[in-house]
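Engineer: Here's a sequence, model it:
(2 chains, ligands or ions: 2)
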Number of protein chains: 2
Amino acid sequence: MVQPLEIQLERCKVKKIKPPQNQLGFGVYFTDHMFIMDYSLEKGWYQPRVVPYQPIVLDPSAKIFHYGQTVFEGLKAYRTEDGRTLLFRPQKNIQRMNRSNERLSIPQLNEKVVLEALELLISADQDWIPTEPGTSLYIRPFVFAVQPALGVSPSTHYQFVIIMSPVGAYYPEGVNPVKIFVESEFVRAVIGGVGEAKTAGNYAAGLNAQENAKKQGYSQVLWLDGIHKRYIEEVGSMNVFFKIKGTVYTPSLNGSILDGITRSSIIQLLTHWNIPVVEKVISIEEVYEAGKDGSLEEAFGTGTAAVISPIGELSWQDDKLVIQNGLIGELSQRLYDALTGIQKGVNSDPFGWMVELDLTP
Amino acid sequence: MVQPLEIQLERCKVKKIKPPQNQLGFGVYFTDHMFIMDYSLEKGWYQPRVVPYQPIVLDPSAKIFHYGQTVFEGLKAYRTEDGRTLLFRPQKNIQRMNRSNERLSIPQLNEKVVLEALELLISADQDWIPTEPGTSLYIRPFVFAVQPALGVSPSTHYQFVIIMSPVGAYYPEGVNPVKIFVESEFVRAVIGGVGEAKTAGNYAAGLNAQENAKKQGYSQVLWLDGIHKRYIEEVGSMNVFFKIKGTVYTPSLNGSILDGITRSSIIQLLTHWNIPVVEKVISIEEVYEAGKDGSLEEAFGTGTAAVISPIGELSWQDDKLVIQNGLIGELSQRLYDALTGIQKGVNSDPFGWMVELDLTP
Ligand SMILES: Cc1ncc(COP(=O)(O)O)c(C=O)c1O
Ligand SMILES: Cc1ncc(COP(=O)(O)O)c(C=O)c1O
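Structural biologist: Ligands and ions are numbered 1, 2, ... in the order given. As a prediction, the model looks like this:
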């Protein structure tokens, strides 16, 4: 970017009524403002602006509708007890977004501009950051192709948007283990595909399996690799970890799973605590064997939404595996407490993960 | 659907200026009207309407932007020399759309309503159907998730839209063979994924490889299977055929390629002509061997846009294979003439493929 972009701010005339903090849910309510920035081949990224939350208006031939050229991110802002506002590793999200953009032939974003946009947008909507335990402000940056043309080729025009939603406690009654269905028919992604990018099509591909799992009483799907249907990939919108005989294992970044920011933070935390943690190819048989011979001590998912989600049961080809008696394990709880403590500014932040925002009134 | 839906018609006030027929391109200009129909869990599909071509207005949290829950189709209307308007196998497109919808957890469309919508929309825009040789009216039905919520689950609300674009001759100077790059790194789809559905994410996944191919002078990518990177799948937006020692081969419908309507028509035509045609698993090695020993006689792609696209050269792992001296083969030409002849109403239509529209003035 040649010259720094000046972000315009247009405040809303009327503020929305805020929902009660115990009824927020996830991604249902949106704040008063949003950020928009446009891109054209000629101008690059231009006209960054914070504006009142408003509809997106697109030609029906816009490429997003037809060829899915789009990428998104998800991160959270937290309000501390002493009134500071913290973001959890936002640079990591912007860097991942740019890796996704690269894969989807979408132009790169300037990290500094996006960080400034976050700061200005959150400033404008700071009264939307919820304060109750477990709540946070979920931030959804996304970029999409808007060129009005049906040829299958990368768009010449894009829009980058950030919207924000106050979200409720993921676990209103204490961290609760989930039941996970191991999918053996449908495939989410394969090496060489777009599995490691955070792009819409990956989620569309998983809806069917997820609905099937729900009907059978499972809350999410554990994906196996697309080639052998044997090696563990990830869970819905979480990476996954298994504690076996004191060592924690997680699938290596093989190109078809998301490089989760919670995942990498958990690996750092475990290393810091001198708990052995290994990234490797893990087969579902291995996990089942460890489950049956008693050496599988804990299993949990990691992601921005739930932070840590203990797995109480797996079901793979009609074989049910109850883990840790369906209760949360000691390490899962410790990781959850440590990470949410850092995020909420209660614990110290030895890794320098939190970015404190300088909110203008 | 309980009661038949009455389609409303709101005509545009001002008609657009039409572009010259020799400058149409593909999917660049759009007609004066479009069709819209809404869906909600409570009401099902409702309020079908032909309205002036207009922007789509969506909440920024609409699921299409984030999770890619969307499906599209592509078909063409032709104007015959004696002034009739013909659609090529439109029911096949609607049926395929419903199969795609099924895979993407999108509600089924009523075939009769969609056909009526096509008829009414084309009636309203009949002066947009170009008449010059090789031109046609390209029709793009698409459906997308509009629920304003960030939870990853099938949408409760959808919009189904049809837009239309007059398109130019694909081969203004006679059918021209293309050069195709055989992709060995990136993967478009895998069995168990969404490859056989016509959904946006599949096209997004292919943009990168396509751009690489273009840079090297190839017009499209030939995809290999995602598991062995060995078996031939399809080309960009075409299915693919190889004529070896008098027999025509095409990859079988394995679940990861599109069930092309041109493909199935070509198979019917060949069978009708007593030319042996075989659907089977085909490896890229086989094709190269046949190319090197002289038994590969022709290769061509099939799809709505180009109808038949002869392949003059393949490039696989730096090994270039020139086919039929880079010229169009006899059978490719015969198939092209036969199929476009039926579509344009010049040849008789032994299979009952064409649907003549009863256009109201
Ligand atoms: C497919 C997928 N895997 C893993 C994750 C976890 O990533 P993170 O920890 O960065 O939220 C997410 C959610 O963001 C996801 O969508
Ligand atoms: C991926 C893909 N394969 C094949 C085809 C050819 O299908 P059809 O002959 O129905 O146009 C298309 C285009 O529609 C396509 O997008």
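Engineer: A:Gly113 contacts A:Tyr46, doesn't it?
Structural biologist: Residue A:113: Val, not Gly. No. Between A:Val113 and A:Tyr46 there is no contact under Cβ atoms under 8 Å: 10.8 Å. Every residue, glycine included, has its C-beta placed from N, CA and C.
Engineer: Those two: which is more packed in?
Structural biologist: A:Val113 (18 against 11; other Cβ atoms under 10 Å in any protein chain shown).
Engineer: how far away is that one from A:Ile7?
Structural biologist: Distance, A:Val113 to A:Ile7, by Cβ to Cβ, to the nearest Å: 8 Å.
Engineer: cool, A:Ile308 as well?
Structural biologist: Note on A:Ile308: its distance to A:Ile7, by Cβ to Cβ, is 35 Å.
Engineer: Residues that sit against both of A:Val113 and A:Tyr46, list them.
Structural biologist: The overlap between the contact sets of A:Val113 and A:Tyr46 (Cβ atoms under 8 Å, 6 or more residues apart in numbering or on different chains) consists of A:5, A:37.
Engineer: From A:Arg89, how far off is the closest residue in space to A:Val287 that isn't next to it in sequence?
Structural biologist: If the residues on either side of it in the chain are set aside, A:Val287 comes closest to A:Phe242, at 5.7 Å by Cβ to Cβ, 6 or more residues apart in numbering or on different chains. As judged by Cβ to Cβ, A:Phe242 and A:Arg89 stand 24 Å apart.
Engineer: Confirm A:Phe241 sits in a strand?
Structural biologist: Yes. Under DSSP: H, G, I helix; E, B strand; the rest coil, A:Phe241 sits within a strand.
Engineer: Residue ranges in chain A under the pLDDT threshold?
Structural biologist: Counting by pLDDT under 70, chain A shows low-confidence ranges at A:1-4.
Engineer: Residue of it closest to ligand 2, please.
Structural biologist: Residue nearest to ligand 2 within chain A (Cβ to the nearest ligand atom): A:Val152, separated by 7.9 Å.
Engineer: Now for A:Gly352, how many residues are close by?
Structural biologist: Neighbour tally, A:Gly352, other Cβ under 10 Å: 7.
Engineer: so who does it touch?
Structural biologist: Counted by Cβ under 8 Å, 6+ apart, A:Gly352 has zero contacts.
Engineer: did I read that right, it in a helix?
Structural biologist: No. Using three-state DSSP, the assignment for A:Gly352 is coil, not a helix.
Engineer: What count of nearby residues applies to A:Gly174?
Structural biologist: Count around A:Gly174 with other Cβ under 10 Å applied: 9.
Engineer: same check, this time on A:Arg11
Structural biologist: 11.
Engineer: Might one say that it is in contact with A:Pro52?
Structural biologist: Yes. A:Arg11 lies in contact with A:Pro52 (Cβ under 8 Å); the separation is 7.3 Å.
Engineer: residues bridging contact with those two, i.e. touching both?
Structural biologist: What both A:Arg11 and A:Pro52 touch, as defined by Cβ under 8 Å, 6+ apart, is the set A:His33.
Engineer: who's in contact with the residue nearest to A:Leu339 when sequence neighbours are not counted?
Structural biologist: When the adjacent residues along the chain are set aside, A:Leu339 lies closest to A:Val307, with 5.6 Å between them (Cβ to Cβ, 6+ apart). Contact analysis of A:Val307 by Cβ under 8 Å, 6+ apart lists A:170, A:262, A:336, A:339-340, A:343.
Engineer: residues from the stretch 1-150 of chain A in reach of chain B?
Structural biologist: Residues of the stretch 1-150 of chain A found near chain B (Cβ under 8 Å from any Cβ of the partner chain) are A:25-28, A:30, A:34, A:53-62, A:64-70, A:72, A:103-105, A:138, A:140, A:142, A:144, A:148-150.
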